[in-house]
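# Model the following, please.
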Amino acid sequence: MKYIIASGPVIIENGKLLVNKDNKDDFYKLPGGTIEEGIESLEEACHRETKEENNGLIKIIKPLHPMILWKNPQTSESMCIVLIHYKAKLLNKNEIKPIPPIQEVKWLSIKEIKAGKYNVAPNIKYLIEKGDIK
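Prediction:
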């Protein structure tokens, strides 16, 4: 079985969640991505991915609930995807921008996410259910 370990921040300000959209998926997702094997820690990957996708500089506050997916949400291919989430504070809000392949960076109202107004990644729904995003 194929295994993927990914790390990313959960950044919330004033009841809004920072999300990305790229050309691979039709839903909003958290910044983040795959750890570079043997090179970096979960926290280092979280920092690097945020910088690469959004030009974001963050301070990690604490780990949140991890999530395991047993199939790829895009392809339905059987695999193990481990998603490691960290509550984080954005340090350079005015410098945030989409860096390709990211096409859009947006602050979504958590209340509107909960009401189903936006199509969001499964891990965002999971973190809402667990109480990590409120």
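# Pretty sure residue 66 sits against residue 85.
Yes. The pair residue 66 and residue 85 qualifies as a contact (Cβ atoms under 8 Å) at a distance of 6.8 Å. In short, each C-beta sits where N, CA and C put it, glycine included.
# Have a look at those two and say which one is more surrounded.
residue 85 (26 against 14; other Cβ atoms under 10 Å).
# If I look at the closest residue to the more buried one other than its chain neighbours, what pLDDT would I see?
Spatial nearest neighbour of residue 85, excluding adjacent residues (Cβ to Cβ, 6 or more residues apart in numbering): residue 64 at 4.1 Å. Listed pLDDT for residue 64 reads 98.
# so what's residue 64 up against?
10, 85-87, 127, 130, 132 (Cβ atoms under 8 Å, 6 or more residues apart in numbering).
# Name the nearest residue to the residue positioned nearest the centre of the chain, ignoring sequence neighbours.
Nearest to the mean C-alpha position of the chain, counting by Cα atoms, centre = their mean, stands residue 30 at 2.2 Å. Closest residue to residue 30 apart from its sequence neighbours, by Cβ to Cβ, 6+ apart: residue 8 at 4.8 Å.
# surely that neighbour meets residue 47?
No. Judged on Cβ under 8 Å, residue 8 makes no contact with residue 47 at a distance of 10.2 Å.
# Those two: who's more crowded?
Per other Cβ under 10 Å, whichever of residue 8 and residue 47 has more neighbours is residue 8, with 24 against 20.
# Would you mind giving the secondary structure of the more buried one?
Following DSSP: H, G, I helix; E, B strand; the rest coil, the label given to residue 8 is strand.
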